[in-house]
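Trainee: My questions are about this predicted structure, shown below with the sequence.
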Amino acid sequence: MTRHFLSLADWTGEELGGILDLAADLKNKQQQGEPHPLLAGKTLGMLFEKSSTRTRVSFEVGLTQLGGHAIFLSPRDTQIGRGEPIKDTARVLSRYVDAVMVRTFAQETVEELANWSTIPIINGLTDLLHPCQLMADLLTVKERFGKVEGLKAAWVGDGNNMANSWINAAAAFGFKLALACPGGYNPDEKILEDARNSGADILLTEDPREAVESADVVTTDVWASMGQEEEQAKREADFQGFMVDEGLMNLSAEHSIFLHCLPAHRGEEVSEGVLEGPHSVVWDQAENRLHAQKAILATLLT
Ligand code: CP
Ligand code: NVA
């Protein structure tokens, strides 16, 4: 059966841990200049219905380093933009490429693509989830702390695709997660309920200070995600008090790290001082997109 990477919830903690180990191994090989053409001759289709810097470049470079090739596809210059159905696109792409990475709006779109494909589909971000980003985030956490299990992570801000993915990660890996979201901006109810039912230790509060208290990892994301641009002004008002600044970081553990998937809005969800400060590992985190995704691709295609 074809395996897809649509949500962390579809994979066990053990499987995801294996992908992180492979990512660390591939990172080491790349840093040593050791060739690792695990996907020689393979082609990835990359379908972007939203903007991207990191996801696009890291997948394309990742495939090149693995000996394969990636093709950028957008609705503007494919038949998708002219209304060709997803199920037709899925069956045609399955005849050409070895896997498809898709960034789109509805989670249902990636699921439909997967349902009609005979090749692995990778979720490169939807309104609901951003699983590839979480693999890079967890790789970064593991590099710093040697483990993920047993740590406390704090999410401050919108209950968005990143927050939902952190919830899935907490369930898979067994770390404590505290989310502080303003009223009305909670994460997905079902994802939270499923995670809690599987035994995950998750606190949801409206108080960023409570969430960040003694946390090993502090993370946030933009207040208005892609597709929510017209809500920017309302969200700026609703998210007052939710900026991760030096005062808030001071409540976290002394050794804590700050993560942000980027792009960041300085002076909104994070202060310049925190983003550029001593706790911040956001550039390592961004680099780790490359290594984590190479491991995801290698796992799905070998
Ligand atoms: N973090 C992330 O997914 O960045 P891009 O939108 O640049 O791909
Ligand atoms: N929540 C953000 C993440 C960007 C990588 C968005 O969806 O726009």
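Mentor: Looks like it arrived, so ask away. Computed from a predicted model, the values in this text were never measured in an experiment. Ligands and ions are numbered 1, 2, ... in the order given.
Trainee: C-alpha only now, for contacts and for neighbours.
Mentor: Noted.
Trainee: Tell me the spacing between the residue nearest in space to the middle of the chain and ligand 2.
Mentor: What sits nearest the mean C-alpha location of the chain, by C-alpha atoms, centre = their mean, is Gln133, with 2.1 Å. According to C-alpha to the nearest ligand atom, to the nearest Å, Gln133 and ligand 2 sit 8 Å apart.
Trainee: quick one: secondary structure of that residue?
Mentor: Using DSSP: H, G, I helix; E, B strand; the rest coil as the criterion, the local structure at Gln133 reads helix.
Trainee: same check, this time on the one 4 residues further on
Mentor: Classification of Asp137 into helix, strand or coil gives helix, according to three-state DSSP.
Trainee: In contact with it: list those residues for me.
Mentor: When contacts are counted by C-alpha atoms under 8 Å, 6 or more residues apart in numbering, Asp137 is found next to 259, 261, 285, 288.
Trainee: cool, and Ala99?
Mentor: Counting by C-alpha under 8 Å, 6+ apart, Ala99 makes contact with 43-45, 119-122, 301.
Trainee: swap the cut-off to 6 Å and go again
Mentor: 44, 119-121 (C-alpha atoms under 6 Å, 6 or more residues apart in numbering).
Trainee: So which of the residues you listed is the closest to ligand 2?
Mentor: The shortest approach to ligand 2 among the contacts of Ala99 belongs to Ile121, at 18.5 Å (C-alpha to the nearest ligand atom).
Trainee: Now Gly159. Nearest residue, chain neighbours left out?
Mentor: Nearest residue to Gly159, sequence neighbours excluded (C-alpha to C-alpha, 6 or more residues apart in numbering): Pro187, at 3.8 Å.
Trainee: Tell me how many other residues surround the one you found.
Mentor: Counted with other C-alpha atoms under 10 Å, residues neighbouring Pro187 total 23.
Trainee: Likewise for Glu210?
Mentor: 19.
Trainee: Distance-wise, check it relative to Lys176.
Mentor: According to C-alpha to C-alpha, to the nearest Å, Glu210 and Lys176 sit 13 Å apart.
Trainee: same thing with Leu6?
Mentor: Separation of Leu6 from Lys176 (C-alpha to C-alpha) stands at 23 Å.
Trainee: neighbour-wise, which of those two wins?
Mentor: Taking neighbours as other C-alpha under 10 Å, Leu6 and Lys176 compare with Leu6 leading, 25 against 21.
Trainee: give the contact list for the more buried one.
Mentor: So Leu6 contacts 122-123 (C-alpha under 6 Å, 6+ apart).
Trainee: now do 8 Å
Mentor: Shown in contact with Leu6 (C-alpha under 8 Å, 6+ apart): 110-111, 121-123, 131.
Trainee: Need the per-residue pLDDT for it.
Mentor: As predicted, Leu6 sits at a pLDDT of 98.
Trainee: before we move on, what about Met1?
Mentor: On the pLDDT scale, Met1 gets 85.
Trainee: and if you look at His130?
Mentor: Listed pLDDT for His130 reads 98.
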